[in-house]
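*Asks:* build me a model:
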Amino acid sequence: MTTLGASPSRQAPAALFALTVFSSATLVFLVQPMVAKLVLPLLGGSPSVWNTSQAFFQLALLAGYFYAHVLQRIPSLRGQAVVHVTMLAVAAAALPLRVNALAGPPSSDHPNLWLLAVLTLSIGAPFAILSATAPLVQAWHARTIGAAEGKEPYVLYAASNLGSLIALLAYPVVVEPAFSLVGQRLGWSAGYGLFVVIIATLAILVSRTRAAAVREARAATPAPTWGERAAWVALAAIPSSLMLGVTTYITTDVASAPFLWVLPLALYLTTFIIAFQDKPAIPPALTLTLQAAALAVCVAALPFKSTFFAVLLVVHLAAFFLTALMCHQRLVARRPDPAHLTEFYLCLSLGGVVGGAFNAFAAPAIFNDVWEYPIVLALSCLARPWGDLRRIPTWTWTMFVVGVVAAILTPVAVTFATNHLTTDAFIGRFDPAELFDMGMKALLALAVIAAFMVRRHALFMFAIVAILSYAAETAADRTDTRQSWRSFFGVLKLSQTWVPSIGHVKMLAHGTTLHGAQSQDPRYMCRPMVYYTPNTPIGQVFTGKQAASPRLRIGAVGLGTGSVAAYVRPGDDLTFFEIDPLVVRVSNDAANFTYTTLCAKSLIEYVIGDARLTVARQPPASFDILLIDAFSSDAVPAHLLTVEAVRGYLAKLKPDGVLILHLSNRNLDLMNPAQAVARAAGGYALVQQYRAPEKDPAGTWESSEDAVIVARSPQALAALRATGKWTDANPFKARPWTDDYTNLAGALYGNLKTRYEWLP
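*Replies:* Sure, this is the predicted structure:
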């Protein structure tokens, strides 16, 4: 590269370059959860909503990087600076942040397209222009400081991702609990204005640099080949796909917990920070060694699902982190001369879009489960060094063959033993389950040993992971999952278990959350189970209202298996409000469940769409019972539990009607904010924390349940209060949630506090 002197007195300070990319990245990653808070609750909180949003932001990032690349065709820095500052000012027309209504109401038929349209209209322009800052400022750095002092600009990308990481972690912990949504929107808009001042200052300084110092840089190496460009795209696509894949897999098959999506994204950003450092905290050679072992352990652990959640979480996140770091370090090792910097980042962004689009759009249409995750894990092996197969010693080949044979034969042997060796002599000596566990542990050990030995040979690693995937899938077949379906809103699984008191029971799960069950014994088939038995708070309200009235109009938000339909008598009216059309199809199929088709004694109506919007279209004062049962999973649609939402529900109740808020949740304390919301909405509330008996009565199979019931007057709750099972609500334990303020982090802490008394 030609290096020409620049006047130090007129050269922009290096710290200003770092501040500019840091502040732009902070704004970019603060706006993502902010816009999600504005838009995404209309579609619920399923992993696919997050994946589609991420795909949009990756597309917008690609647009920004393409804009930065095209801008380099302007020969003078002054011209680039004027155009960029002008574009920032034009994009500010979309501010302050708000949901653009031009896309219309949410669509349950094409939710991903609706979401993309709303995000584009609401934040597309400011986000794309902001995201162009990192490559653009690095290009300016290369033509000023880099040209004068010979410094590479790529380290600035680490500063950019550090800003992204800080913003990502700060939002749920600091920003969301401390500021209302209006405050967040106005604060971000003010931050955007401040950023314009910062980059305008930098633009003025770089545009004043002496012309000799900003002469067009000439590459010291030839232009990148198409093969190099393809390698950049592939190495960026693998971590992008894995980030979404591991998020979906963990929240679907391991456990769904609030903010769990933050961890993969935070690790993803950290890999960029490490890879683009001058002296990486984890050297590439060490990354290859650790990644080989972590990947083998991760794939071997795939069949264990929700067992040992903490261990599995660490295993999957470690494998993802090291694989993403390996790819990004390989990417950095292939970085071009700074003259081709914007083209490099354009390919990097394109890879992110390819990986994200595969997970967000292609995978849900192709697979009925989260298969994209193990597939890309296996393909990531091909990004490792290939090595020379001719130099592998014989004993390594031998160990590899032994590992492959063990991987194939272990599940086959266990399946054979389980199905055929059922003699008393065999059972007395061997437990098939123990044999399986022993075999899998041996397989795991062999896999790790083999992975270490062939860690620098991509084809060997690919073979190991492929064989382990086969073994894991064979092991997974031992579970009781009968069928699996997938939609935009998540994965539904039909499974069956044996309960001593009632025989076979079919269950429907959404991810790791049970959404209903039905006995297959004809004596108990039409008895509501789990959360809906007559003893639970929901059952108490239904039986009490039925005793007082011969005909009821019932609304239920959240269909599940349709258990509520078992309460429907001749003359009753029941309307289910369900956002996912797939749930309606599954629950209405008599081959799966028969609550709605056999047990209900009257016709049932279904309304598809977001419950907040669809309930609002119902006639005023029309429901005797309105059940809101959308909070038992951990992807909580918080917009259904705000003051504005509850006020709308109460308006749909008859004067003596009752609103039921089913708030059972494994990770969030929703009882306290719900009680505060009930009072703020003008209602009168009772609470009950029901605990199921240890010895389950025959034919019930009931579960514990937390519920708040709300009415328009105290008289409507008098009969339920008289039972002695309900207590008056305490609305002063939490701040009420509104459309402008929710605090999921506080709800998570409140749940942890009830488990661990030592917490302050």
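
*Asks:* strands along the chain, start to end?
*Replies:* 481-487, 490-499, 503-510, 513-519, 553-557, 573-578, 604-608, 623-628, 653-662, 684-690, 705-711, 727-728 (DSSP state E).

*Asks:* which one of those strands lies nearest to residue 114?
*Replies:* Ranking the strands of the chain by proximity to residue 114 (CB to CB) places strand 604-608 first, at 13.4 Å. Quick note: C-beta positions are derived from backbone N, CA and C, even for glycine.

*Asks:* between strand 573-578 and that closest one, find me the angle.
*Replies:* Comparing the axes of strand 604-608 and strand 573-578 via axes from the mean of the first three to the mean of the last three CA atoms, to 10 degrees yields an angle of 30 degrees.

*Asks:* returning to what we had before: just put the strands of the chain in CSV and tack on mean pLDDT, mean neighbour count and distance to residue 645.
*Replies:* Putting the strands of the chain into CSV (pLDDT from 0 to 100; neighbours: other CB atoms under 10 Å; distance: least, CB to CB, whole Å) gives the following:
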stretch, mean pLDDT, mean neighbour count, distance to residue 645
strand 481-487, 82, 16, 24
strand 490-499, 84, 19, 22
strand 503-510, 87, 19, 21
strand 513-519, 85, 23, 21
strand 553-557, 96, 25, 10
strand 573-578, 95, 22, 13
strand 604-608, 94, 17, 16
strand 623-628, 96, 25, 9
strand 653-662, 96, 22, 10
strand 684-690, 96, 20, 15
strand 705-711, 95, 25, 11
strand 727-728, 96, 12, 22
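
*Asks:* need those strands in JSON lines with distance to residue 205, can you?
*Replies:* Shown next, in JSON lines, are the strands of the chain (distance: least, CB to CB, whole Å):
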{"stretch": "strand 481-487", "distance to residue 205": "52"}
{"stretch": "strand 490-499", "distance to residue 205": "50"}
{"stretch": "strand 503-510", "distance to residue 205": "54"}
{"stretch": "strand 513-519", "distance to residue 205": "55"}
{"stretch": "strand 553-557", "distance to residue 205": "57"}
{"stretch": "strand 573-578", "distance to residue 205": "57"}
{"stretch": "strand 604-608", "distance to residue 205": "56"}
{"stretch": "strand 623-628", "distance to residue 205": "57"}
{"stretch": "strand 653-662", "distance to residue 205": "57"}
{"stretch": "strand 684-690", "distance to residue 205": "60"}
{"stretch": "strand 705-711", "distance to residue 205": "59"}
{"stretch": "strand 727-728", "distance to residue 205": "65"}
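
*Asks:* out of these, which gets nearest to residue 246?
*Replies:* Each of the strands of the chain was scored for nearness to residue 246 using CB to CB, and the closest is strand 490-499 (14.8 Å).

*Asks:* which helices and strands does the closest one pack with?
*Replies:* Applying 3 or more CB pairs under 8 Å, 6 or more residues apart in numbering; DSSP states H and E, we find strand 490-499 packed against strand 481-487, strand 503-510, helix 581-588.

*Asks:* low-confidence ranges in the stretch 351-500 of the chain?
*Replies:* The model of the stretch 351-500 of the chain has pLDDT under 70 over residues 387-480.

*Asks:* how about a cut-off of 50?
*Replies:* For the stretch 351-500 of the chain, residues meeting the criterion pLDDT under 50 lie at 418, 421-430, 476-479.

*Asks:* one step back: of the helices and strands packed on strand 490-499, which is nearest residue 331?
*Replies:* Ranking these by proximity to residue 331 (CB to CB) places strand 481-487 first, at 31.2 Å.

*Asks:* list the pairing partners of the closest one within its sheet, with orientation.
*Replies:* Note on strand 481-487: by DSSP bridges, its sheet partners are strand 490-499 (antiparallel).

*Asks:* ok now the partner strand, how far from the chain's centre?
*Replies:* Distance of strand 490-499 from the chain centroid (CA atoms, centre = their mean, to the nearest Å) equals 22 Å.

*Asks:* can you check which of the strands of the chain gets nearest to residue 315?
*Replies:* strand 490-499 (20.6 Å).

*Asks:* in the stretch 51-200 of the chain, which spans are helices?
*Replies:* For the stretch 51-200 of the chain, helices defined by DSSP state H, counting those that start in this stretch occupy the ranges 77-91, 111-131, 133-143, 145-149, 156-170, 176-178, 181-207.

*Asks:* how about the shortest one: buried residues?
*Replies:* Think helix 176-178. By 16 or more other CB atoms under 10 Å, the buried positions in helix 176-178 come out as 176, 177.

*Asks:* what are the contacting residues of that helix?
*Replies:* Residues outside helix 176-178 that contact it (CB atoms under 8 Å, 6 or more residues apart in numbering) are 33, 37, 184, 742, 743, 744, 745, 746.

*Asks:* so for those residues, which is the shakiest by pLDDT?
*Replies:* Among these, residue 37 carries the lowest pLDDT, at 70.

*Asks:* hmm, residue 182 and it touching each other?
*Replies:* No: the pair residue 37 / residue 182 is not scored as a contact, 11.5 Å apart, by CB atoms under 8 Å.

*Asks:* more neighbours: which of those two?
*Replies:* Shown here are residue 37 and residue 182; by other CB atoms under 10 Å, residue 37 has more neighbours (20 against 13).

*Asks:* any idea how far residue 122 is from the more buried one?
*Replies:* Distance of residue 37 to residue 122, given as CB to CB, to the nearest Å: 12 Å.

*Asks:* how about the nearest residue to residue 552, chain neighbours excluded?
*Replies:* Spatial nearest neighbour of residue 552, excluding adjacent residues (CB to CB, 6 or more residues apart in numbering): residue 624 at 4.4 Å.

*Asks:* and the one you found, what is it in contact with?
*Replies:* By CB under 8 Å, 6+ apart, the contact set of residue 624 is 545, 549, 552, 553, 554, 653, 654, 656, 657, 658.

*Asks:* look up how far residue 652 lies from residue 91.
*Replies:* The gap separating residue 91 from residue 652 is 41 Å, by CB to CB.

*Asks:* again but with residue 549, I slipped
*Replies:* In terms of CB to CB, residue 549 sits 17 Å off from residue 652.

*Asks:* now swap in residue 506 and tell me
*Replies:* Residue 506 sits 32 Å away from residue 652, going by CB to CB.

*Asks:* residue 674 contacts residue 708, correct?
*Replies:* Yes: using CB under 8 Å, residue 674 is in contact with residue 708, at 4.7 Å.

*Asks:* who touches both of the two?
*Replies:* 661, 663.

*Asks:* what about the stretch 101-250 of the chain, any weak spots by pLDDT?
*Replies:* Low-confidence segments of the stretch 101-250 of the chain, defined by pLDDT under 50: 211-219.

*Asks:* now with 80?
*Replies:* For the stretch 101-250 of the chain, applying pLDDT under 80 flags the ranges 101-112, 145-152, 172, 176, 208-222, 249-250.

*Asks:* nearest to residue 722, of the helices of the stretch 51-200 of the chain?
*Replies:* helix 176-178 (38.9 Å).

*Asks:* which stretches of the stretch 651-760 of the chain have low pLDDT?
*Replies:* Using pLDDT under 80, the stretch 651-760 of the chain drops low at 665-668, 694-700, 740, 742, 744-745, 747-760.

*Asks:* could you rerun that using 90?
*Replies:* Scanning the stretch 651-760 of the chain for pLDDT under 90 picks out 664-669, 691-704, 738-760.

*Asks:* now do the helices in it.
*Replies:* For the stretch 651-760 of the chain, helices defined by DSSP H, counting those that start in this stretch occupy the ranges 671-680, 718-722, 744-755.
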